[in-house]
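In: fold the following and give me the result.
(2 chains)
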Amino acid sequence: MKTVFELALKRILRQRLTLVLMISFPIVLAFLPQPEGMQTPTIAYGIFGLVILFVAFLLTKQVIEDRQSKTIVRIAASPISHRDYLVGHLAAYMIVMMIQLTFFFLLSLIQWTAPVSFYVWAYLLMFMFTVMAICFSLFWHSMFKTYATSIAIFSIAANLMAVIGGMTFPLALLPDRLRTVAVVLPTYWYSYGLEQATEMNFNYVMLCLLILLGFAIIFLTIGSKRRFE
Amino acid sequence: MHSFLRPKSVLYAVIGILYCLMLLVIKPQEPAVFFLWIVSLVLVVVRLRFNSMSRFIYIDFLLYLGLFWFYDIALFLVLPSMMLLLYVGKFWILLGYLLVWVGFDFLGIESLFLMIVSIIGGVLIYSWNRDKLETIKELDALRVKNYTLEQERHTLLDSQDEISRMSVLTERDRIAQKLHDDLGHELTGALLALRAYEVKQEETSFKAVKGRLEKAVESLKETVHHTKPEEVYGLERFKNMIHSFKMAEVNYTQSGDVNHLKATHWQALLSVLKEALTNIQKHADANDVIITLYVDEKIVRLTITNDGVKTSQHQRGVGLHYMRRRIESLGGMLSINHSYRFTLICVLPLRLEEGVYDENTSR
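Out: Residues are numbered from 1 along each chain as shown, chains lettered A, B, ... in the order given. This next block holds a predicted model:
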């Protein structure tokens, strides 16, 4: 597993463009102007959720590329179990994304002044959302044969999820009918959690964390099934 | 489409629909309610993914029972788990669920509808899955039987070849013994008498030689007469079979040297001819039949064609089926063509498959 973890990290470090985007987007979002009177940077955190989704997708492309190039078949013939393969890769992605979200968190601490409790809960929400995003990307890639098809459809799906889920604008502006549909999206519960963190309803934030964890378990359970093509 | 339409795939789809319908009934905007919904979904997804439908599912039911004291929606959330138990054939769960449902005063038309969907879905998919498994079991038993029969067929064919070989060897031994006993003595006596005549040149010796040779010729004639089989075989039998067919006009042509054909060839060709003529007699209202036997250095080809009635469906007779198998076991081929006239073509190699007895090369 350690070997797989190190290999995954090395492959991530070779994706220079992804690393540049991972560093630049938090900086851009940290300087995003907030509406006057808004005490907490929920919009910036919301948009950062979309960044988390796309970064997780870009990092997990290694899994689908291994399947495309039949590397997964050769790994299946080796002593490395599928569980070790997955855990090694997911751990590498998690570490890299934790660095990114910690970087954004520190920038937001410097840039904005919001209650400490908001920052704590927002960090936990971002962490859980990151876990969910990685599992979701794994599940998403397991549905497609090629990376090109996967990213083409994901671009549309992720943006729709972000819009309907209220990541790019406040949930209060969402029509009621759309809100009924939006509850099945994990992005909705991330935005809802941020909203409740702003209003200091920490019970609801806790529930949102658990819901995001539930989504992560579902996506991981389905996406972890080994496929050779 | 057929490969996707499996009982398990339909189960996934129905459970998915059930969860979507549940979302319409409960108020999912409430975080606590949605959390319970997702917990239920997690439990079911994990069971489906790891194929453990009923293992420790009682813990799920205890959880829902506990939750029901606080949230009525637990009565809906238990439905997918109940479907899983119905899918594996544990129908007793229905009784427990109905007791709870009635005991706590049922929650309305929506719960009734969802319950009916899950019960009917679970029971139907269980029945379908059970029938499919039984069919697979029957197919497996038939395959085993077919394999066993194939093995027995091979054994019987091998035994037949062995018997044929032993018969020929026995007959050769008998002929050799008879020639030795009858002809050998007389020729040896004649030779001795001839040597005596060479020395003494007496007329008695000459008469002895002549007598012995006459006896040897007689003995040879007698041996040949008794050894020659009365029953016709080979080409003669082939032609007799054709001439005895009176149902239609038969035109027979032959080309090549049929002396190259061995007993095994004749046996196979006679079987094919007999089967073909029987089929013509039974199924085809033929006016003329054309039979061609062609022999060259490599193959022998028998073609039987008739102008009989064409049927809309090609019915493969059992006889032709086994004939094809026998021909193929000799390295040959049997084909049937319906396009213009009904044509049956049997091709056999002159050099037979390994393991088949060839009386000319055996010792």
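In: my guess is A:Y123 meets A:F105, correct?
Out: Yes. Contact criterion Cβ atoms under 8 Å: A:Y123 and A:F105 qualify, at 5.5 Å. For the C-beta atoms, the positions are set from N, CA and C on the backbone; glycine is no exception.
In: check whether the one helix or strand in chain A whose mean pLDDT sits lowest contacts chain B.
Out: Least confident helix or strand, chain A: helix A:176-182 with a mean of 81, by mean pLDDT, DSSP states H and E. Yes. Residues of helix A:176-182 are located near chain B by Cβ under 8 Å from any Cβ of the partner chain, namely A:179-180.
In: spatially nearest residue to A:L220 (excluding sequence neighbours)?
Out: Computed as Cβ to Cβ, 6 or more residues apart in numbering or on different chains, the closest residue to A:L220 that is not its neighbour in sequence is A:C135, at 4.2 Å.
In: let me know the pLDDT of the one you found.
Out: Model confidence at A:C135, given as pLDDT, is 96.
In: from chain B, how far out is it?
Out: As judged by Cβ to the nearest Cβ, to the nearest Å, A:C135 and chain B stand 12 Å apart.
In: next: A:M128.
Out: A:M128 is 13 Å from chain B, by Cβ to the nearest Cβ.
In: ditto for A:W121
Out: 14 Å.
In: how close does the closest residue to that residue other than its chain neighbours get to chain B?
Out: Distance criterion Cβ to Cβ, 6+ apart; nearest residue to A:W121, sequence neighbours excluded, is A:A197 at 4.1 Å. In this view, A:A197 and chain B are 13 Å apart by Cβ to the nearest Cβ.
In: one step back: packing partners of the helix or strand the residue nearest to A:L220 falls within?
Out: Element membership of A:C135, judged by DSSP states H and E, is helix A:116-142. In terms of contacts (3 or more Cβ pairs under 8 Å, 6 or more residues apart in numbering or on different chains; DSSP states H and E), helix A:116-142 is packed against helix A:42-59, helix A:61-68, helix A:82-111, helix A:147-164, helix A:186-198, helix A:202-223.
In: run the chain-centre distance for that helix.
Out: Here helix A:116-142 is found 5 Å from its chain centre; the criterion is Cα atoms, centre = their mean, to the nearest Å.
In: repeat for stretch A:6-20
Out: Relative to its parent chain, stretch A:6-20 has a centroid offset of 17 Å by Cα atoms, centre = their mean.
In: can you mark which positions in it are buried?
Out: Residues of stretch A:6-20 classed as buried: A:8-9, A:11-12, A:15, A:18-19 (neighbour count, 16 or more other Cβ atoms under 10 Å in any protein chain shown).
In: residues making contact with that stretch?
Out: With Cβ atoms under 8 Å, 6 or more residues apart in numbering or on different chains as the test, stretch A:6-20 has contacts from A:55, A:58-59, A:62, A:88-89, A:91-93, A:95-96.
In: what's the first-to-last distance across that stretch?
Out: Start-to-end span of stretch A:6-20 (Cα to Cα, to the nearest Å) is 20 Å.
In: which helix or which strand is home to the residue most central in space within chain B?
Out: For chain B, the residue sitting closest to the mean C-alpha position, by Cα atoms, centre = their mean, is B:N146 at 5.8 Å. For B:N146, the host element (DSSP H and E) is helix B:109-178.
In: so how many other residues sit close to the closest residue to chain A within the stretch 151-300 of chain B?
Out: Going by Cβ to the nearest Cβ, chain A is nearest to B:Q151 of the stretch 151-300 of chain B, at 34.9 Å. B:Q151 has 10 neighbouring residues, counting by other Cβ atoms under 10 Å in any protein chain shown.
In: repeat that for A:E36.
Out: A count of neighbours around A:E36, defined by other Cβ under 10 Å, yields 5.
In: secondary structure class for it?
Out: coil (DSSP: H, G, I helix; E, B strand; the rest coil).
In: contacting residues around the helix or strand bottoming out on mean pLDDT in chain B?
Out: Across the helices and strands of chain B, mean confidence by mean pLDDT, DSSP H and E is lowest for helix B:92-103: a mean of 77. Identification of contacts with helix B:92-103 by Cβ under 8 Å, 6+ apart yields B:61, B:65, B:68, B:75, B:78, B:82, B:85-86, B:111, B:115, B:119.
In: run the angle between that helix and helix B:109-178 for me.
Out: Helix B:92-103 runs at 170 degrees relative to helix B:109-178, counting by axes from the mean of the first three to the mean of the last three Cα atoms, to 10 degrees.
In: let's have the buried residues of stretch A:6-20 in TSV, adding pLDDT and secondary structure.
Out: TSV is the format used below for those (pLDDT from 0 to 100; DSSP: H, G, I helix; E, B strand; the rest coil):
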residue	pLDDT	secondary structure
A:A8	89	helix
A:L9	89	helix
A:R11	90	helix
A:I12	89	helix
A:Q15	87	coil
A:T18	87	helix
A:L19	88	helix
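In: nearest to chain B, out of those residues: which one, please.
Out: Nearest member of those to chain B, counting by Cβ to the nearest Cβ, is A:A8, at 23.7 Å.
In: and the closest one, how close does it get to B:E218?
Out: 101 Å (Cβ to Cβ, to the nearest Å).
In: chain neighbours aside, what residue packs nearest to the residue sitting nearest the centre point of chain A?
Out: Chain A has A:A133 as the residue nearest its centroid, 3.1 Å off, counting by Cα atoms, centre = their mean. Excluding its sequence neighbours, the residue lying closest to A:A133 (Cβ to Cβ, 6+ apart) is A:A56, at 3.8 Å.
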